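Engineer: Please work out how this folds:
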Amino acid sequence: MEAKFSPKVKEVISFSREEALRLGHDYIGTEHLLLGIIREGQGLAVKALKSMDVDIVLLRKSIEDAVTGKSSSNIFSISNISLTKQAEKALKIALLEAKLNKSDTIGTEHLILSILKNKDNIATQILDQFDVNYEMFKDELDYLKYDIKNELADDPSEEEDEENPFGDERRSAGKKGSMVKSKTPVLDNYSRDV
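Structural biologist: Down below sits the predicted model:
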């Protein structure tokens, strides 16, 4: 199985470049990847963070405060910005996280998990201030995935009819005066006797 970046992660990487440029940095670090995830705002990673009662606005401000004053000199083009070794490693580990979770695509949740694996980066240290670590985040993802799976299972369009679990003509087999002939001899006799 060869995992690839989801459209959301591609957008996150693009946003990360823009966030680095906005902050005056000539590199993309894990903190910029996290800012990109927050800016994208729709991925499973943000849903999990919100579910863990993380104030996303406060998280963003904390990241920006932590990197303020670390700007480089003149940056005029996004193309001049490259990934730090930590950010590059986080993207590679995200691939492994996706494979571990049997996913064909690398999602924002895999990117956060990969960032959290390394305790020596700014993003992980800030997430730690919000009581988010690898194990807790992974547990929250498992809970959300289980919840989503149950929601899909409870979808009425997918559910069998409660009155008629067979979904065929047997619906009226037990009703008085029914003339519908069942395909099952037992039900056929039952409908005539009623």
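Engineer: contacts and neighbour counts: CA atoms only from here.
Structural biologist: Noted.
Engineer: Sketch out the strands for this structure, chain order is fine.
Structural biologist: Ranges of strands in the chain, per DSSP state E, are 4-5, 27-28, 82-83, 105-106.
Engineer: other SSEs contacting the second one?
Structural biologist: By that I understand strand 27-28. helix 7-22, strand 82-83 (3 or more C-alpha pairs under 8 Å, 6 or more residues apart in numbering; DSSP states H and E).
Engineer: Each with direction, which strands does that strand pair with?
Structural biologist: Sheet pairing of strand 27-28 (DSSP bridges) gives strand 82-83 (parallel).
Engineer: lowest-confidence helix or strand of the protein?
Structural biologist: For the chain, using mean pLDDT, DSSP states H and E, the weakest element among its helices and strands is helix 185-193, scoring a mean of 45.
Engineer: Count the residues that sit near the closest residue to residue 64 other than its chain neighbours.
Structural biologist: With C-alpha to C-alpha, 6 or more residues apart in numbering as the criterion, residue 64 has its nearest non-adjacent residue at 8.0 Å, and that residue is residue 23. Residues lying near residue 23 (other C-alpha atoms under 10 Å) number 17.
Engineer: so residue 23 makes contact with residue 66?
Structural biologist: No. Counting by C-alpha atoms under 8 Å, residue 23 sits too far from residue 66 to count as a contact (11.3 Å).
Engineer: Break the protein down into its domains, please.
Structural biologist: Under the assignment automatic domain parsing, the domains of the chain span 4-153, 169-194.
Engineer: ok, of these, where does mean pLDDT dip lowest?
Structural biologist: When those are ranked by mean pLDDT, domain 169-194 comes last with a mean of 44.
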